[in-house]
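Asker: build me a structure from this.
(one chain, ligands or ions: 1)
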Amino acid sequence: MTAPTPHVLVINAGSSSLKYQLIDTATDESLASGLIERIGSPESVAHHTVDGTKHDKEVECLDHGQALQILSNAFQEHGPVVTAESLIAIGHRVVHGGATFATPVVIDDDVIAAITDLIPLAPLHNPGNLAGIEQARIAFPSVPQVAVFDTAFHATMSPAASTYAVPKAWREEHGVRKYGFHGTSHAFVSRRAAALTNLPVAEANVIVLHLGNGASACAVEGGTSIDTSMGLTPMDGLIMGTRPGDLDPSLPGHLSRVAGLSLEDYDKALAKESGLQGLTGSADFREVMTGYQAGEPEAQLAVEAVVHRIVRHVGALAAVLGRVDAIAFTAGIGENNAVLRELVMLRLGILGVVADEAANNSAEGEALISADSSHTQVWVIPTNEEGEIAQQSATLVAS
Ligand code: ADP
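Answerer: Now for the predicted structure:
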């Protein structure tokens, strides 16, 4: 009998899209990846990339069950071969694990029930994650399914860091506390930052700036998260594409009194109409940066506010860490936008940061963007959430 190929299919199912990647965990190689967009619409689009070629197809995809069928068809049509025998696990990204899940788990009915119970903490995310899990179990019943939680990496935060000073009943009966998110990204990038600064993970203090559509900062001490900018939900902290980050908690009461705003409208406005979208009318940082460079006042304010917020969180996390060996920029904006990185670095003199302008402007892949004279090293490190989910899934099923 030949040993099974150590392939893991990683599934990141959202409410209206499903991203997947097939990863060889022996080599960390991504063998194929894909995206099914607009699930729930008769005019969905499926993209499947293999060997550098992207195959796009218009499909009907009314639910996550059809999405799994489209995924299977794409592998059959364009390769590589994916069968129950070729997979050691299917790894699912699950956004909220609450206080229940501090590590990845093999999914069974109890795990599904527990993730379902956590829906009130992540109403926009957990239902899509669950739909992906349920359909993958139907499509590949004999393959172990693993849930990897965005919150799990932050389970190491101390009660002092994770406690909100609110009434006891809220904390004890409703799980009201800071959980933190983007855990797989913060785990992967902080480990790479330790390696790149030639420090053992156990000795490296790193601040990771995950700046994508969603954005969060994390203080990683010796490989564990000790504080992060996101909170009960992925709404808190940095300014994001459509989410505001830090707010005064009295805002919902105030808007209800002065504008008659319902909680439903308030939640929607904070999830979809705030952040860059609220400040400029565009949630896409590329467009905002173009406006900034053209001198448009709204875009200038937005970029200055984004930078200010990042600097303020870095300062707070640096104080919590006590010593910072490295700062790492990652995700769509962090990896690609040299102007934003430079604006942030220029404001971090308190950490002895000295930018290397040329290195920053030409950074591609993993790159050191601080000068030799910089007291704190600053890196660009592409994140690899799918690779991390695949590795964590493979480790769990091998144990
Ligand atoms: P998410 O995974 O949270 O949806 P991403 O990590 O893909 O988000 O980041 C999306 C953000 O990254 C968008 O604001 C987009 O404008 C920005 N971005 C992506 N590519 C570039 C680029 N080449 N230059 C500048 N910004 C970019």
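Asker: middle-most residue in the chain, spatially?
Answerer: Centroid-nearest residue in the chain, with Cα atoms, centre = their mean: residue 182, separated by 3.5 Å.
Asker: show me what contacts it?
Answerer: Going by Cβ atoms under 8 Å, 6 or more residues apart in numbering, residue 182 touches 150, 210, 214, 216, 218, 228, 230, 234. (C-beta placed from N, C-alpha, C; glycine too.)
Asker: tabulate those residues in a markdown table, adding columns for distance to the ligand and neighbour count.
Answerer: Shown next, in a markdown table, are the contacts of residue 182 (distance: Cβ to the nearest ligand atom, whole Å; neighbours: other Cβ atoms under 10 Å):
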| residue | distance to the ligand | neighbour count |
| --- | --- | --- |
| 150 | 11 | 27 |
| 210 | 8 | 28 |
| 214 | 5 | 23 |
| 216 | 10 | 29 |
| 218 | 15 | 31 |
| 228 | 16 | 30 |
| 230 | 12 | 28 |
| 234 | 10 | 24 |
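Asker: quick one: classify whatever residue of the stretch 251-399 of the chain ends up closest to the ligand as helix, strand or coil.
Answerer: The stretch 251-399 of the chain approaches the ligand most closely through residue 332 (2.0 Å), counting by Cβ to the nearest ligand atom. Counting by DSSP: H, G, I helix; E, B strand; the rest coil, the backbone at residue 332 sits in helix.
Asker: does it touch residue 215 like I think?
Answerer: No - Residue 332 sits out of contact with residue 215 when judged by Cβ atoms under 8 Å, with a separation of 9.5 Å.
Asker: burial check on the closest residue to residue 141 other than its chain neighbours, number of neighbours?
Answerer: Nearest in space to residue 141, with sequence neighbours left out and distances taken as Cβ to Cβ, 6 or more residues apart in numbering, is residue 84 at 7.8 Å. Using other Cβ atoms under 10 Å, the number of residues around residue 84 comes to 12.
Asker: who's in contact with residue 84?
Answerer: 140, 141, 142, 143.
Asker: tell me the phi and psi of the last one?
Answerer: Summarising the backbone geometry of residue 143 under the convention degrees, to the nearest 10, its torsions are phi -90, psi 130.
Asker: enumerate every residue touching it.
Answerer: With Cβ under 8 Å, 6+ apart, residue 143 has these contacts: 84, 87, 88, 89, 90.
Asker: how far away is it from residue 247?
Answerer: 42 Å (Cβ to Cβ, to the nearest Å).
Asker: let me know the average pLDDT across the helix ranked longest in the chain.
Answerer: Longest helix in the chain by number of residues (criterion: DSSP state H): helix 297-321. Helix 297-321 carries an average pLDDT of 98.
Asker: what packs against that helix?
Answerer: Packing partners of helix 297-321 (3 or more Cβ pairs under 8 Å, 6 or more residues apart in numbering; DSSP states H and E): strand 205-211, strand 215-221, strand 224-228, helix 275-280, helix 285-293, helix 338-346.
Asker: of all these, which one is nearest residue 125?
Answerer: With Cβ to Cβ as the measure, strand 215-221 is the member of these nearest residue 125 (14.2 Å).
Asker: what's in contact with the closest one?
Answerer: With contacts defined as Cβ under 8 Å, 6+ apart, strand 215-221 is touched by 154, 180-182, 186, 190, 204-210, 225-230, 234, 237-240, 245, 310, 313-314, 317-318, 320-321, 331, 333.
Asker: lovely, talk soon.
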